[in-house]
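Novice: sequence plus predicted model, see below.
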Amino acid sequence: MTKVACMSCICALLSGCGDRISEIKDAASGINSAANSAASAVSRDVHAIRAIDINYQDTSFTVNDLFKTILRDIRWDYDPEKNELHVRGTWQPPLFSDQSWNKEMKEMLAEAGVVTVSCKIIDDKIDSSQTKVTLTYNGEILLEQNGEDALHHLYDAYLLP
């Protein structure tokens, strides 16, 4: 009789596990679906733009290399109708290292400083004259650069060791 009771308990436990395993499989499927959806949300145009080669001061790198190096938590957007690339990320050194910010300010920027870069892509090149870089903190614009100086500042930040 004890064997029957033990077997009944084991069966009851296992049947509950089957339902739980099914729930876990459904959750994993949902996570996989969300990841696939997020990956496809970045258009093929953005992938092509990210692969564009940049040659600056005898160094070659891609648009992707540039922004992955100088920013954190990057978000990409490309408007194919306007040929505009918009990159948004969290500030990190050495970007704008020429500013005389104290340690506290640098820590605040590293946590919540947002850098937005907008530029036009013409013939698979970034048009330096139409580049805009903005650094904001708590909704306040701390720094804004435009044109060739802005683009070269990004390149120089990439090249810093």
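Specialist: Perfect, thanks for sending it.
Novice: doesn't Ala150 fall inside a strand?
Specialist: No: assigned with DSSP: H, G, I helix; E, B strand; the rest coil, Ala150 falls outside any strand and is helix.
Novice: for the closest residue in space to it that isn't next to it in sequence, give me its contacts.
Specialist: Once flanking residues are discounted, Ala150 sits nearest to Val133: 4.4 Å by C-beta to C-beta, 6 or more residues apart in numbering. To be clear about C-beta, it is placed using only N, CA and C from the backbone, and glycine gets the same treatment. Val133 makes contacts with 115-117, 143-146, 150-151, 153-154, as judged by C-beta atoms under 8 Å, 6 or more residues apart in numbering.
Novice: same question for Leu95.
Specialist: 70-71, 115, 153-154, 157.
Novice: in strands, which of those fall?
Specialist: Judged by DSSP state E, these include 71, 115 as members of strands.
Novice: closest to Gly139 among the contacts of Leu95?
Specialist: Val115 (14.1 Å; C-beta to C-beta).
Novice: out of the contacts of Leu95, who's nearest Asn138?
Specialist: For those, the nearest to Asn138 is Val115 (14.2 Å; C-beta to C-beta).
Novice: from Arg50, how far out is the closest one?
Specialist: Noted for Val115: a distance of 17 Å to Arg50, by C-beta to C-beta, to the nearest Å.
Novice: so between those two, which is more surrounded?
Specialist: Set side by side, Val115 and Arg50 show more neighbours around Val115, with 24 against 20, by other C-beta atoms under 10 Å.
Novice: quick one: contacts for the more buried one?
Specialist: Here Val115 is in contact with 71, 88-91, 95, 133-135 (C-beta under 8 Å, 6+ apart).
Novice: could you count how many residues lie near the closest residue to Gly113 other than its chain neighbours?
Specialist: Residue nearest to Gly113 in three dimensions, not counting chain neighbours: Trp91, with 3.5 Å by C-beta to C-beta, 6+ apart. Using other C-beta under 10 Å, Trp91 has 23 neighbouring residues.
Novice: likewise Lys125?
Specialist: 14.
Novice: if it is in a bridge, with which residues?
Specialist: With DSSP bridges as the criterion, Lys125 is bridged to Ile122.
Novice: what do you get for Asn146?
Specialist: What pairs with Asn146, by the bridge criterion (DSSP bridges), is Lys132.
Novice: go on, Asp77?
Specialist: His86.
Novice: wait, it sits on Ile49?
Specialist: No: at 10.1 Å, Asp77 does not count as touching Ile49 under the criterion of C-beta atoms under 8 Å.
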